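Colleague: got a structure for you, letters missing:
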C-alpha cells in the first residue's frame, strides 16, 4: 500500500474521531459518570462496533447496507430511539450524584458501558456511511485487497 494513501486514511480517521458526535459525547459522559478508568469500556464498545462495520465494508456487505434505503432508514431510527432512551434514562433515572445521604454514588460497571457504547456506535448512521462509502476509496483494486484491508484496519483494531 502506498504510504501516502495510508497517511490520508489515518488523517481522515483522526478528524472523524475528533468530530463531536454521539460516540464522543457518550465517552465524555461515561467518563464523567464512571471515571476515566471505567470509561475505557465505553471506548472499547465503540471500537468493537467500528471493527464490525470495517469487516462488513471490507467484505462488501457494507455496500449492500448503504444501497438499501429501507435498511439504512431502519438503522437510523433504531439509533435515534436508543439515544432518546439513554436521554430519558438520564433525565428520569435515579440521580445518585444529587443524593448525599446514600453515600458515594454508584458507578456503572464495565459491561454496561461497553454494551451501551457498542449499541450506540452500531446504530450510528455516520459510521455506516463512512465504512461503506469512504473506506473503499482507499483500496487499490489492482493490488492485493486482503493486504490493504489489513493495513487499513491496523489503526482501528
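Modeller: Arrived safely. The shown structure was predicted, so the numbers you read here are calculated from the model rather than taken from an experiment.
Colleague: Helices along this protein, start to end?
Modeller: Shown for the chain, the helices assigned by DSSP state H span residues 3-18, 22-34, 40-58, 61-67, 69-92, 110-122, 125-129, 145-153.
Colleague: Nearest to residue 138, out of the ones you listed?
Modeller: The stretch from the helices of the chain with the least distance to residue 138 (Cβ to Cβ) is helix 3-18; that distance is 4.8 Å. No exception for glycine: its C-beta is placed from N, CA and C like everyone else's.
Colleague: Now that closest one: buried residues?
Modeller: Within helix 3-18, the residues that qualify as buried are 5-6, 9, 16, counting by 16 or more other Cβ atoms under 10 Å.
Colleague: got JSON lines for those, with pLDDT and distance to residue 58 too?
Modeller: Shown next, in JSON lines, are those (pLDDT from 0 to 100; distance: Cβ to Cβ, whole Å):
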{"residue": "5", "pLDDT": "88", "distance to residue 58": "16"}
{"residue": "6", "pLDDT": "87", "distance to residue 58": "15"}
{"residue": "9", "pLDDT": "86", "distance to residue 58": "13"}
{"residue": "16", "pLDDT": "73", "distance to residue 58": "17"}
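Colleague: Just name the closest of those residues to residue 42, please.
Modeller: Each of the buried residues of helix 3-18 was scored against residue 42 by Cβ to Cβ, and residue 16 proved nearest at 17.3 Å.
Colleague: can I get the buried residues of helix 3-18 in JSON lines with distance to residue 122?
Modeller: Formatted as JSON lines, the entries for the buried residues of helix 3-18 read as follows, by distance: Cβ to Cβ, whole Å:
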{"residue": "5", "distance to residue 122": "27"}
{"residue": "6", "distance to residue 122": "26"}
{"residue": "9", "distance to residue 122": "22"}
{"residue": "16", "distance to residue 122": "16"}
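Colleague: Determine which two of these are furthest apart.
Modeller: 5 and 16 (16.5 Å).
Colleague: Rebuild the helices of the chain as a markdown table, extending it with distance to residue 139.
Modeller: Below are the helices of the chain laid out as a markdown table (distance: least, Cβ to Cβ, whole Å):
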| stretch | distance to residue 139 |
| --- | --- |
| helix 3-18 | 9 |
| helix 22-34 | 24 |
| helix 40-58 | 8 |
| helix 61-67 | 12 |
| helix 69-92 | 22 |
| helix 110-122 | 22 |
| helix 125-129 | 17 |
| helix 145-153 | 5 |
